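Student: Below is the sequence, then the predicted model.
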Amino acid sequence: MAAPAGSGKRPPTRERIPAPRPGPESRPRTPKPSWLKIRFRTGEPYKSVRRTLDSLSLHTVCEEARCPNVYECWGERTATFMILGDICTRRCGFCAVMTGTPGRVDPREPDRLAEAVVRMELAHAVITSVNRDDLPDGGGAHFAAVVRAIRARRPGCAVEVLTPDFRGAPGALETLLEAVPDVFAHNVETAPRLYRTVRPGSVYRSSLSLLSRARALGAAVTKSGFMLGLGEERREIGEVLSDLREARVDIVTIGQYLQPTGGHLPVSRFVPPDEFEEIRREALLLGFRHVEAGPLVRSSYHASRHLKGSRVEAPAPAGQGGEP
């Protein structure tokens, strides 16, 4: 299936929007420690994914958000698809995705994305999107259409959706969950104290409510994630984990924030791998079914492993049952 005529995919944000020049609003980037070194792998598997995405005019968060794992993931013939365009209606302090006025929703995108899943022979597909506060349902119906298109073209492929908060649009979550994704994910991103600078336009408690509602509406597996290195305190990390567990979240991912450009929030500190492991163990004791924590961990990094891990009951805190 070829991309529709005239719908040529634009280069990713990193190629369209140059990094800001040094100036009063530019923040110098702190040199990365050795454990954050990335291997560049652009062999045939990587090139094959590139050809598929380009020929079908699809976007990925791998490119748009400057994910450090793009070479590894594409080298393993997988990618995280980003639907509803490549322009976001919000401007988060950590995110490299372009902000502006989005274009129209492409009704043919679900079919093209399903075709990509078939060509890449995916066993686990991850679908995310920009925020679309301009749409009455925030994009919920489009998410559902994508899930159904994948189910029709590649039965047996697990489908994970990583959604925005839909800004509380009535029926958006219900419409999406009617398509029965295997995993419903929504990231809280950081501690509530930091939302004003990290996630302006979003509300921490609204994100928790969305996760809790998804579980109440029958989501089989729920998932959330957040970053370290934005100025959070150790105590706040524990509080976020407790809040997520109270919302009955099954899977949690914890990774290092990396400053995309000089115009984004600076890294407050680089958290060493042993501290991530300590936090991971603490999270498991709270009752999460799977915890992925490490400097390069992102929501969709090794996502199929997250789902498999969630099927094994995590150790419950002493004196408590393991009910999610």
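Tutor: In hand now; what should we look at? Residues are numbered from 1 along each chain as shown.

Student: Read off the pLDDT value for residue 75.
Tutor: At residue 75, the model reports a pLDDT of 70.

Student: Report how many residues lie close to it.
Tutor: 20 (other Cβ atoms under 10 Å). For every residue, glycine as well, the C-beta is placed using N, CA and C.

Student: quick one: it from residue 40, how far?
Tutor: Note on residue 75: its distance to residue 40, by Cβ to Cβ, to the nearest Å, is 10 Å.

Student: distance between the host helix or strand of residue 308 and the chain's centre?
Tutor: If you go by DSSP states H and E, residue 308 is part of helix 303-310. Centroid displacement of helix 303-310 relative to its chain, using Cα atoms, centre = their mean, to the nearest Å, is 15 Å.

Student: With just CA atoms, put that helix into CSV.
Tutor: What follows is helix 303-310, C-alpha atoms only, in CSV (Å, rounded to 0.1, in the frame of the first residue of the first chain):
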residue,chain,number,x,y,z
ALA,A,303,7.4,-3.0,25.5
SER,A,304,6.6,-6.6,24.6
ARG,A,305,8.8,-7.6,27.5
HIS,A,306,6.8,-5.3,29.8
LEU,A,307,3.6,-7.1,28.8
LYS,A,308,5.1,-10.6,29.4
GLY,A,309,6.5,-9.5,32.7
SER,A,310,3.1,-8.2,33.8
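
Student: what packs against that helix?
Tutor: If you count contacts as 3 or more Cβ pairs under 8 Å, 6 or more residues apart in numbering; DSSP states H and E, helix 303-310 packs onto strand 124-129, strand 158-162, strand 183-185, strand 251-256, strand 290-293.

Student: deepest of these, which one?
Tutor: strand 183-185 (a mean of 27; mean count of other Cβ atoms under 10 Å).

Student: Take the helices and strands packed on helix 303-310 and write them to a markdown table, including mean pLDDT and distance to residue 222.
Tutor: Output for the helices and strands packed on helix 303-310, formatted as a markdown table (pLDDT from 0 to 100; distance: least, Cβ to Cβ, whole Å):
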| stretch | mean pLDDT | distance to residue 222 |
| --- | --- | --- |
| strand 124-129 | 94 | 15 |
| strand 158-162 | 96 | 11 |
| strand 183-185 | 97 | 5 |
| strand 251-256 | 96 | 7 |
| strand 290-293 | 95 | 11 |
